[in-house]
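A.B. asks: Pasting the sequence and the predicted coordinates here, then a few questions.
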Amino acid sequence: MKKELIIAFDEVLSNSKKIIIIPHKNPDGDALGSTLSLNFFLNKIGHKSHIISPNDYPDFLKWMPGQEEIIKFTYNEKRSKELIESADLIFTLDFNNLSRIDELEPLVEKSKAIKIMIDHHENPSKYAQISYSEPSIGSTCEMIFNLLYELNKNLIDEKIATCLYTGIMTDSGSFRFPSTTGKTHKIISNLIEKGANNSEVHQRIYDSYTLDRMQLLGTALSNLKKIDSLPVVYITLSQEELNQNNFKKGDTEGFVNYGLNLKGILFTVIMIENEQDKIIKMSFRSKGSFDVNQFAKKYFNGGGHVNAAGGISHFSLKETESKFLSAVEKIKI
C-alpha cells in the first residue's frame, strides 16, 4: 500500500465513528469476506460498524463468521436508511460504481458521510473521498489484508482470517487464476497461522451442493456447446430449466468455470435467463491473454477482469445466444 493511503486511513479512523460497510448486490465470497473482516476489525478498534447488503446471498456463504449480523436492505429498509443517514463513514467494498448497489445508490449518494472505496476492478468511478483501487490484485480480501496488516496486524484473529481466506480462495478460483501471486500465497500462509482452517473453508464452499443444485449442474453441462473451429464453449440455462431444478440464489455459482476444464478451451460463457428482471445474466471466463473484460464491455454492458467478467443482455435467451455467436466471429482468440 502507498504510504499516503495508510496515513489517510489512520487519520479517518483516529477516533470513534459510526461506520457502514456495503458490498455489491448479490455479494459473493470476496464481497462478504472483505466486509465481514473489516467489520470485525473496526469494531475491535472502537468504532460502531455495521454491514448493509443490498440483498440476500447464497446459502453456501451463510456459515461465515459474523454473517448473521448483516442487515439486508431488501428485508429491512427502514433500519438501513437510518444507519446510512447517521453514518460518519461509508466503506464500499468489492465494487467501484454505485450502480452496483441497486436501491442503495441514491441513499449513499445523498449521505454526507466520508465515502471510502476499496476495490480491485478496473475503471473506478470517482464517488469516494478515499480510494484504494488496485486492479492488479486478485481479490478485495487481499487488499483488506494489506490494510489491516498496516493498521494493526496483531488484531487479525481467527474470524478475520477465516473471512479473508474465503474471499481470496473464491476470487482466485482456489488459487489457480493468473492473478494469484507469490504474495497471495504468503498472505494465505499468514491467515492459516492466524486460525483459518483451509480444508474446512473449502468443504463449506465447494462440497455443500444440494441435490437440486447438482442436478441443475447436470442440466447446464448437457446444454454446453462448442463453437466449431474456435476454442470457445458456452452454456445456456432457461428460466424453465431453473424452475425444474428448484433454483435458489447462488446455485449457478461457478458453473461457467467448467468450460475451461475442457482441453484446448480458452473462452467460456454461461447465459442464464431471469424472467423476473427480464434479463439474461452472463458470466465470462478465459485462459491466457484473451480479455473477457473488454469483450463484456463491448458487447454485453458488462466488465470485470481480464480473465473473469460479467454482463447482461436485455434480449431473449435465443437472441442473446445469436448475438454472442455473432460477436465471437469478430474477435481473435
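C.D. replies: Good, I have the coordinates.
A.B. asks: Provide the secondary structure category for Ala309.
C.D. replies: Counting by DSSP: H, G, I helix; E, B strand; the rest coil, the backbone at Ala309 sits in strand.
A.B. asks: Asn293 is in contact with that one, correct?
C.D. replies: Yes. Using Cβ atoms under 8 Å, Ala309 is in contact with Asn293, at 4.7 Å. For every residue, glycine as well, the C-beta is placed using N, CA and C.
A.B. asks: Need the overlap of contacts for the two.
C.D. replies: Common contacts of Ala309 and Asn293 (Cβ atoms under 8 Å, 6 or more residues apart in numbering): Gly303.
A.B. asks: Relative to the whole chain's centre, how far out is stretch 241-254?
C.D. replies: In terms of Cα atoms, centre = their mean, to the nearest Å, the gap separating the centre of stretch 241-254 from the centre of its chain is 18 Å.
A.B. asks: quick one: buried residues of that stretch?
C.D. replies: Residues of stretch 241-254 classed as buried: Glu241, Leu242, Asn245, Phe247, Gly250, Asp251, Thr252, Glu253, Gly254 (neighbour count, 16 or more other Cβ atoms under 10 Å).
A.B. asks: Tell me where the stretch 1-150 of the chain has strands.
C.D. replies: Per DSSP state E, counting those that start in this stretch, the stretch 1-150 of the chain carries strands over the ranges 18-23, 48-53, 71-72, 89-93, 114-119, 130-133.
A.B. asks: Reformat these as TSV; add mean neighbour count.
C.D. replies: As requested, those are arranged in TSV below (neighbours: other Cβ atoms under 10 Å):
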stretch	mean neighbour count
strand 18-23	25
strand 48-53	22
strand 71-72	16
strand 89-93	26
strand 114-119	22
strand 130-133	19
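A.B. asks: what are the C-alpha coordinates of stretch 11-31, in CSV please?
C.D. replies: The C-alpha coordinates for stretch 11-31 follow below in CSV (Å, rounded to 0.1, in the frame of the first residue of the first chain):
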residue,chain,number,x,y,z
GLU,A,11,-6.4,9.8,10.1
VAL,A,12,-10.0,8.9,9.3
LEU,A,13,-10.1,6.1,11.8
SER,A,14,-8.3,8.0,14.6
ASN,A,15,-11.4,8.5,16.7
SER,A,16,-14.7,6.6,17.2
LYS,A,17,-17.1,6.9,14.3
LYS,A,18,-20.4,5.4,13.1
ILE,A,19,-19.5,3.3,10.1
ILE,A,20,-21.4,1.5,7.4
ILE,A,21,-19.8,-1.1,5.1
ILE,A,22,-21.6,-2.1,1.9
PRO,A,23,-20.8,-4.9,-0.6
HIS,A,24,-22.2,-5.1,-4.1
LYS,A,25,-25.6,-6.6,-4.9
ASN,A,26,-25.7,-10.4,-4.9
PRO,A,27,-22.5,-10.5,-2.8
ASP,A,28,-20.1,-13.3,-3.4
GLY,A,29,-17.3,-14.8,-1.2
ASP,A,30,-14.9,-11.9,-1.8
ALA,A,31,-17.6,-9.2,-1.1
